[in-house]
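Engineer: Can you look at this prediction? I've put the sequence above it.
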Amino acid sequence: MSSQDQKTVFVRIIELPPVKMARSGSGDLWAFNKWWTAIAAKDKSSLFPKDFMWWNPKLNKDEWLYAFPEGLEDTGGNEVFDFPGGLFAVASCKDNDADIEGTFKLIHQWVVESGIFELSLPEKEANPRYDMAHVITPQNAKETLGYHQLDLFVPIVEKKR
C-alpha cells in the first residue's frame, strides 16, 4: 500500500499500555457511566482516554470500560480486569451507526491491505481485545457541531514474516 494512497492518511497506529480496567459487564451501562464519570471529574491529570466501549460477544452486548485509577478502592461493584493493551489501528468518525460501521470496515480493510499488520483475533488471545470506540468530543464542541466524534480502535498485531 503506497503512502500516497488516500486510505492510509486516516488510519493511525497507536499502542495502549496494559492497565487495570473496570467493566460494566452484564450490568447497567448508564449506572457504570454515572460511576466512572464521577471518578473522571476528579482526575484531570491525564490526556490518555480512559473510557472505551466495545461489543463483548461473550456477553452479547456492549460493554463500557474505564482505566481503573491506581489506589482507588471503590469499584462501584464493577469487575476489574487486566486489559492487555497492545497495538491498535485508529480512525475518527461521527457518532452515528452508518459512519461507525463504514469506518470500522475501512480500518479493517486498511489493516488487511497494509501487508505489515493483521487483525488481532480474540480467539487467539489469552485476554481478548475487541473493536472499541471512545468519544473524543468535549460537550461544548458536540453542541457546536451537533454530533459527537469518535475514535474507533481495531486491535492489530504485526504480521509474521
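Structural biologist: It's in. In this text, all values refer to a predicted model and were calculated from it rather than measured experimentally.

Engineer: Okay, strands next: where are they in the protein?
Structural biologist: Remark: strands assigned in the chain by DSSP state E are 12-16, 19-23, 51-56, 61-67, 79-83, 86-94, 117-119, 132-135, 149-158.

Engineer: Could you dump these into TSV and include mean neighbour count, distance to Lys142 and mean pLDDT?
Structural biologist: (C-beta placed from N, C-alpha, C; glycine too.) Formatted as TSV, those follow (neighbours: other CB atoms under 10 Å; distance: least, CB to CB, whole Å; pLDDT from 0 to 100):
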stretch	mean neighbour count	distance to Lys142	mean pLDDT
strand 12-16	13	22	94
strand 19-23	20	24	93
strand 51-56	18	15	94
strand 61-67	20	18	94
strand 79-83	14	26	93
strand 86-94	19	11	95
strand 117-119	16	31	96
strand 132-135	19	8	94
strand 149-158	20	8	96
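
Engineer: could the ones you listed go into JSON lines alongside distance to Glu101?
Structural biologist: JSON lines is the format used below for the strands of the chain (distance: least, CB to CB, whole Å):
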{"stretch": "strand 12-16", "distance to Glu101": "20"}
{"stretch": "strand 19-23", "distance to Glu101": "23"}
{"stretch": "strand 51-56", "distance to Glu101": "12"}
{"stretch": "strand 61-67", "distance to Glu101": "14"}
{"stretch": "strand 79-83", "distance to Glu101": "24"}
{"stretch": "strand 86-94", "distance to Glu101": "9"}
{"stretch": "strand 117-119", "distance to Glu101": "16"}
{"stretch": "strand 132-135", "distance to Glu101": "11"}
{"stretch": "strand 149-158", "distance to Glu101": "10"}
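
Engineer: Select, out of the ones you listed, the one closest to Ile39.
Structural biologist: Checking those against Ile39 by CB to CB gives strand 61-67 as the closest, at 7.4 Å.
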